[in-house]
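Participant: quick check, what structure comes out for this input:
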Amino acid sequence: MPINIPRQLPAREVLEKENIFIMDADRAKSQDIRPLNILILNLMPEKEKTEAQLLRLLGNTPLQVNVSFMRTATHESKNVSKSHLEQFYTTFEEVKNRRIDGMIITGAPIELMEFEDVNYWEELKEIMDWAETNVTSSLHICWGAQAALYHHFGVGKFELPGKCSGIYKHTVQEPKEKLLRGFDDEFFAPHSRYTDVNAEKIQQHENLMLLASSEEAGPFIIMSKDEKHVMITGHLEYEAQTLAEEYDRDCKKGIDIETPKNYFPDNNPTKKPLNVWRSHAHLLFSNWLNYYVYQETPYEWS
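Facilitator: Reported below is the predicted structural model:
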């Protein structure tokens with residue numbers, strides 16, 4: 001089934017070339033079914049890239065999904081045009097009286113900052129509190145996952161000795177959990193961050209479950225026991241070249257950084273990396289949409 005996105009959204013052309021099933025509003029209205037309404041709070045600086053990454057995964061399930069994008073009103077993005085934001089993005093003030101089936105909060109390259117020092121932290125807290133009663137299930141990615149763990153569950157983050165960047169092997173901890181249905185016992189996933197969360201604190205927390213983790217990269221998939229919050233500390237949505245682009249960007253800035261681990265063939269940055277996590281990325285998003293959003297959200301919000 002398709003995702004319903006604006007006809008003019010730049011990501012549409014990218015997805016159409018990849019044969020992702022999409023439709024516009026006119027065709028969606030002719031469908032006599034109840035589509036899911038998914039709100040994406042996009043905190044990433046290069047918003048158009050993140051849009052395509054997430055839409056690619058949301059558009060590969062049997063469900064019809066209406067996708068809308070939200071930005072923070074208290075932070076001005078410098079890496080995307082104002083016209084793009086005005087045309088395709090809403091603010092919390094415009095959606096706070098709505099009910100949403102599912103929400104995704106992306107990462108942001110600010111993990112070295114204290115949460116309280118982020119200029120949109122108060123706004124983000126208001127959004128996360130609103131989601132408790134207005135959203136069926138929320139999926140938090142990377143810094144968004146750390147923010148949710150801190151705000152909802154009091155689990156803080158800590159700085160790593162160096163950047164955690166690369167492709168890491170993960171082990172499934174809870175194979176019977178619906179979110180991990182179809183997962184291999186071991187699987188690979190990308191990480192790109194300077195901070196981490198403590199696995200022991202998560203395992204000891206009465207309201208959290210650690211579903212998958214890595215010996216090298218730490219906790220990866222975390223879920224609240226009420227199933228309303230899924231926290232992913234890495235970036236399953238990344239494309240094959242994303243880490244290479246980040247590495248090249250950091251090198252050009254003069255940052256002393258190691259080559260992403262287990263990423264480039266023969267650890268040679270001149271060789272094209274392979275995507276070895278794509279199937280699990282699609283599976284996780286499909287499971288989340290089906291079991292935690294579609295199966296749980298009411299047909300009509302009262």
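
Participant: what stretches of the stretch 1-150 of the chain score poorly on pLDDT?
Facilitator: Scanning the stretch 1-150 of the chain for pLDDT under 70 picks out 1-3, 19-33.

Participant: mind listing the helices for it?
Facilitator: 11-17, 25-29, 47-58, 82-88, 92-95, 121-134, 143-153 (DSSP state H, counting those that start in this stretch).

Participant: was I right about T90 contacting T72?
Facilitator: No: the criterion here is CB atoms under 8 Å, and T90 misses it with T72 at 11.2 Å. For every residue, glycine as well, the C-beta is placed using N, CA and C.

Participant: tabulate the helices of the stretch 1-150 of the chain (JSON lines), appending distance to N268 and mean neighbour count.
Facilitator: Formatted as JSON lines, the helices of the stretch 1-150 of the chain follow (distance: least, CB to CB, whole Å; neighbours: other CB atoms under 10 Å):
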{"stretch": "helix 11-17", "distance to N268": "28", "mean neighbour count": "15"}
{"stretch": "helix 25-29", "distance to N268": "46", "mean neighbour count": "12"}
{"stretch": "helix 47-58", "distance to N268": "24", "mean neighbour count": "23"}
{"stretch": "helix 82-88", "distance to N268": "36", "mean neighbour count": "13"}
{"stretch": "helix 92-95", "distance to N268": "45", "mean neighbour count": "14"}
{"stretch": "helix 121-134", "distance to N268": "40", "mean neighbour count": "16"}
{"stretch": "helix 143-153", "distance to N268": "30", "mean neighbour count": "22"}
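
Participant: nearest to E114, of those?
Facilitator: With CB to CB, the closest approach to E114 among the helices of the stretch 1-150 of the chain belongs to helix 121-134: 8.9 Å.

Participant: which residues touch that closest one?
Facilitator: Here helix 121-134 makes contact (CB atoms under 8 Å, 6 or more residues apart in numbering) with 41, 72-74, 92, 96, 98-100, 103, 105, 115, 118, 138, 147-148, 151-152, 228.

Participant: repeat that with 6 Å
Facilitator: T72, T74, F92, K96, R99, M103, F115, S138, H151 (CB atoms under 6 Å, 6 or more residues apart in numbering).

Participant: before we move on, what about stretch 80-96?
Facilitator: L9, K47, F69, M70, R71, A73, I127, W130.

Participant: quick one, longest strand in the protein?
Facilitator: Taking DSSP state E as the criterion, the chain has its longest strand at strand 157-172.

Participant: contacting residues around it?
Facilitator: Contacts for strand 157-172 (CB under 6 Å, 6+ apart): 146, 180, 183, 185-197, 212, 214, 216-217, 220, 257, 260-263.

Participant: tell me what whichever helix or strand comes after it is packed against?
Facilitator: Scanning forward in sequence from strand 157-172 by DSSP states H and E, the next helix or strand is strand 186-197. Applying 3 or more CB pairs under 6 Å, 6 or more residues apart in numbering; DSSP states H and E, one finds that strand 186-197 contacts strand 157-172.

Participant: how many neighbours does R99 have?
Facilitator: Neighbour count for R99, taken as other CB atoms under 10 Å: 15.

Participant: with the one 4 residues further on instead?
Facilitator: With neighbours defined by other CB under 10 Å, the count for M103 comes to 24.

Participant: what does the one 5 residues further on give?
Facilitator: Applying the criterion other CB under 10 Å, we find 22 residues in the vicinity of A108.

Participant: contacting residues for it?
Facilitator: By CB under 6 Å, 6+ apart, the neighbours of A108 are L43, W143.

Participant: that one and T50, how far apart?
Facilitator: According to CB to CB, to the nearest Å, A108 and T50 sit 10 Å apart.

Participant: likewise for Q8?
Facilitator: 18 Å.

Participant: next one: G59
Facilitator: Distance from G59 to T50, by CB to CB: 15 Å.

Participant: show me where the stretch 201-302 of the chain has helices.
Facilitator: Under DSSP H, counting those that start in this stretch, the stretch 201-302 of the chain gives helices at 242-252, 278-287.

Participant: just the buried residues out of the contacts of strand 157-172, in PyMOL syntax.
Facilitator: Selection of the buried residues among the contacts of strand 157-172 in PyMOL, burial being defined by 16 or more other CB atoms under 10 Å:
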select buried, resi 146+180+183+187+188+189+190+191+192+193+194+195+196+197+212+214+217+220+260+261+263
